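Novice: Predicted coordinates and the sequence they were generated for:
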Amino acid sequence: MNPLAAFSRTEADTPPPGEIPGLRGAPMRTPVRTAGAAMGPGLWPAVVGRMLTRQLWIELYGLPGYSLTLKGRPVQGFAATPRDFRPSDPAPGKGVMDGRFILAGSSLEAAAPEDPWNRPSPSRAFATELHAFAWLPSLMQQGERGAAEAVRLTLAWGAAFARWSPFAWGPEVLARRTLNLACAARRMGQVATEAERLKLADVLGRQGRQLLRPPGGLAGSAERLTAAAVAGCVLVGPPGVSLRRAALRRLPGALERTVGADGGHASRSPEAGLELLLDLLTLDDALSQLSEASPEAVRGAIQRLTVTLRLLTLPDGRLVTMQGGGPSTPARIAAARAHDDAPAADLHSRIVAGIARIRSPLLTIAADVSGPAHGAWSGAACAQPMALEIVCGKDRLITGCGWTPRAGDRQGLRLPPGHSTLTLGEGSTGEPLGGWKAELMGHRLIGRPLHVDVQQRDGEGAVWLEVEHDGWVHDYGLLHQRRLYLDQRLDELRAEERLHPAPGQKDVVRAIAAPYAVRFQLEPGVQASLARDRRSILLRGHSGRGWWFRTDGPDVAIEPSVHIDEGLTRRSLQVVVRGSARTDSETKIRWKLSPAGAGGDPT
């Protein structure tokens, strides 16, 4: 069989977007240019400022008498039982009852009357979840015995970490611990003695008040203030009212900076938007128990985040996995959408949070069409321009390596080879901050500004999406354009990767050629079989339904890869199309995805 016969409807028979029958004349969206993370001399003022302020707060909060400043008026009880909408697996709680903490893929034995606080943790990820009380919701499902054990462990933590410390009282860990503790506090108080109940309220109040103080930074401010407000809803009397009002007074500004007009999280992580939505739903529930209406800013953020969550949930019930966000779980997403009575998304194209979503009855495609977050928001951002994710039916076939901050020791997966996009040479369009600067600032994404142009059109039976970025111009003088044409009647995706010289670059002396690789990362468990024509690959997902991937690239291979699942590494596969692109002329690589058995299958 002629290997190019599979492209009978690709370049030769697919008209330009303006000529596709049924497509409306004007693009649905005008071209967008967005800048990614900028690095250079401009970072140094932030580094120096962080060095000075961080040391200042460490010195101040480490003073022996500092804890006294967090002590408010005594609290006699708890006023509300906020609902944590996140589903919880009872199995880890049973392990805690037996003295076994299983967190972040590691375990620690600490049977009662011992506790895990004065012993080394097996990993930093384990320590983060341990001190964030990630085990508490599951433990609370073990009835009165579980609640009593939660009281013991919480008071033991309070005794061991009464003084502020950079890790245990760090902003991110502190916010999660405060919210988890606030949701369980009233039930814990029911099995505690009077003295224990007063201590529990004191521990919660101190942490809520600390959340209102620096340091913390721009990123995460909405999450911290939400946790503080929930704690203020739980504490009874004037101390709770004071904490609640202080947090709610500052929360609208934080939400405005964090949640965009289209409902996208400022970090561009879909999972970060989901988690903030769940926190805000908990706050709304806590306020309703006090017969108080949520501020308009909270209600508006919930509405916008819900709409975006609806559009960024793929047919397999999980999230788009881009820009440092994991897929989450169908149960978690369903819990966040339980209040959402809007109809399912239609077949028309959408762009939200910098992610374009186009679909046909059987195909759903998500494409990153914006630059990564920058500055303080880029701690989980990824240098993977025009990353692609494809769900066939309910099988997620083409995806990324699944990097999230939970896999902080595998920063290389944030680069272009870690997702389904094109790479040139050994370079990257950005890189995570490393060394002592990362210890100080976090693993922010740094690099030259990335500009992305996007145009899309849709009409009856067809969708066209065209995206272009300039991330390779500095090193190779080439622009990368990805053109996607989705035939909604045939459930067929035809695509073209185009590398072409950027205007004004022809006179710049560069190497005459650059090796390229177009990667298609496969979901773990997806089977891939190379046909005899060496240009076609049969893909089968968990349902067993087959899809043909075809390309006219010069070298096609199925290679091993990895996939990160909740911070743990799993084996997977990737389809890689390799070749060489001239830096002084145009290079095109075409590929197509279509249902198996639709006719014209390779032999």
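Specialist: Looks like it arrived, so ask away.
Novice: okay, now R250: neighbour count?
Specialist: 17 (other C-beta atoms under 10 Å). No exception for glycine: its C-beta is placed from N, CA and C like everyone else's.
Novice: need the helix or strand of the protein with the lowest average pLDDT.
Specialist: Taking mean pLDDT, DSSP states H and E as the measure, the helix or strand of the chain with the lowest value is helix 43-61, at a mean of 71.
Novice: Export the helix or strand following it to PDB, keeping only CA atoms.
Specialist: Proceeding N to C from helix 43-61, the next assigned helix or strand is helix 90-97, under DSSP states H and E. Listed in PDB are the C-alpha atoms of helix 90-97, where the atom choice follows Å, rounded to 0.1, in the frame of the first residue of the first chain:
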ATOM      1  CA  PRO A  90     -11.800   5.200  54.000                       C
ATOM      2  CA  ALA A  91      -8.900   2.800  53.400                       C
ATOM      3  CA  PRO A  92      -6.000   5.200  54.500                       C
ATOM      4  CA  GLY A  93      -8.000   6.000  57.600                       C
ATOM      5  CA  LYS A  94      -8.100   2.300  58.600                       C
ATOM      6  CA  GLY A  95      -4.300   2.200  58.100                       C
ATOM      7  CA  VAL A  96      -3.900   5.200  60.500                       C
ATOM      8  CA  MET A  97      -6.000   3.500  63.100                       C
END
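Novice: which parts of helix 90-97 are buried?
Specialist: Within helix 90-97, the residues that qualify as buried by neighbour count (16 or more other C-beta atoms under 10 Å) are 92-93, 95-97.
Novice: list the contacts for the residue sitting nearest the centre point of the chain?
Specialist: Nearest to the geometric centre of the chain sits G325, at 1.5 Å (C-alpha atoms, centre = their mean). Counting by C-beta atoms under 8 Å, 6 or more residues apart in numbering, G325 touches 269-274, 319, 380, 404.
Novice: let's see it at 6 Å
Specialist: If a contact means C-beta atoms under 6 Å, 6 or more residues apart in numbering, then G325 has 269-271 as its contacts.
Novice: Which one of these is nearest to N118?
Specialist: For the contacts of G325, the residue nearest N118 by C-beta to C-beta is E271; the value is 33.0 Å.
Novice: do you know how far P270 is from L60?
Specialist: 37 Å (C-beta to C-beta, to the nearest Å).
Novice: So those two - more neighbours on which side?
Specialist: Set side by side, P270 and L60 show more neighbours around P270, with 30 against 13, by other C-beta under 10 Å.
Novice: Break down the stretch 501-603 of the chain into its strands, ranges please.
Specialist: Per DSSP state E, counting those that start in this stretch, the stretch 501-603 of the chain carries strands over the ranges 513-522, 527-530, 536-540, 546-551, 555-565, 568-582, 587-595.
Novice: Let's have the contacts of G325 in JSON lines, adding pLDDT.
Specialist: Rendered in JSON lines, the data for the contacts of G325 read as follows (pLDDT from 0 to 100):
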{"residue": "S269", "pLDDT": "97"}
{"residue": "P270", "pLDDT": "97"}
{"residue": "E271", "pLDDT": "97"}
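Novice: Can I get those in JSON lines including distance to D341 and secondary structure?
Specialist: JSON lines is the format used below for those (distance: C-beta to C-beta, whole Å; DSSP: H, G, I helix; E, B strand; the rest coil):
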{"residue": "S269", "distance to D341": "26", "secondary structure": "coil"}
{"residue": "P270", "distance to D341": "21", "secondary structure": "helix"}
{"residue": "E271", "distance to D341": "23", "secondary structure": "helix"}
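Novice: Below-threshold pLDDT in this protein: ranges please.
Specialist: Scanning the chain with the threshold set as pLDDT under 70 gives 1-42, 44-52, 343-349, 506-509, 598-600, 603.
Novice: Helices along that one, start to end?
Specialist: 43-61, 90-97, 124-131, 136-139, 143-160, 171-191, 194-211, 221-234, 237-258, 270-289, 296-311, 330-336, 435-441, 473-476 (DSSP state H).
Novice: for the ones you listed, which one ends up most surrounded?
Specialist: Of these, the one with the most neighbours on average (mean count of other C-beta atoms under 10 Å) is helix 221-234, at a mean of 28.
Novice: Give me the contact list for that helix.
Specialist: By C-beta under 6 Å, 6+ apart, the residues outside helix 221-234 that reach it are 78, 80, 82, 171, 175, 178-179, 182, 185, 204, 208, 211-212, 216, 240, 243-244, 247-248, 250-251, 254-255, 258, 279, 282-283, 286, 290.
Novice: and if you look at stretch 59-76?
Specialist: With C-beta under 6 Å, 6+ apart as the criterion, stretch 59-76 contacts 162-164, 201, 205-206, 209-210, 235, 239.
Novice: Between the residues you listed, which sits nearest L499?
Specialist: Proximity to L499 was ranked across the contacts of stretch 59-76 by C-beta to C-beta; first place goes to Q210, at 51.8 Å.
Novice: Report the beta-bridge partners for Q455.
Specialist: Here Q455 sits in beta bridges with E466, as judged by DSSP bridges.
Novice: And L593, by the same measure?
Specialist: Going by DSSP bridges, L593 is paired in beta bridges with L493, F549.
Novice: what does T423 give?
Specialist: A517.
Novice: Nearest to I358, out of the strands of the stretch 501-603 of the chain?
Specialist: The stretch from those with the least distance to I358 (C-beta to C-beta) is strand 587-595; that distance is 12.9 Å.
Novice: What is that closest one packed up against?
Specialist: strand 492-501, strand 546-551 (3 or more C-beta pairs under 6 Å, 6 or more residues apart in numbering; DSSP states H and E).
Novice: would you list those in TSV and tack on mean neighbour count?
Specialist: Formatted as TSV, the helices and strands packed on strand 587-595 follow (neighbours: other C-beta atoms under 10 Å):
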stretch	mean neighbour count
strand 492-501	21
strand 546-551	23
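Novice: follow-up on the earlier one: quick check: which of the helices of the chain is nearest to T421?
Specialist: Using C-beta to C-beta as the criterion, the shortest distance between T421 and the helices of the chain is 15.3 Å, found for helix 473-476.
Novice: Just the CA trace of that closest one, in PDB.
Specialist: Listed next in PDB are the C-alpha coordinates belonging to helix 473-476 (Å, rounded to 0.1, in the frame of the first residue of the first chain):
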ATOM      1  CA  VAL A 473      12.700  31.300  16.600                       C
ATOM      2  CA  HIS A 474      15.700  32.400  18.700                       C
ATOM      3  CA  ASP A 475      17.600  29.100  18.300                       C
ATOM      4  CA  TYR A 476      16.500  28.000  14.800                       C
END
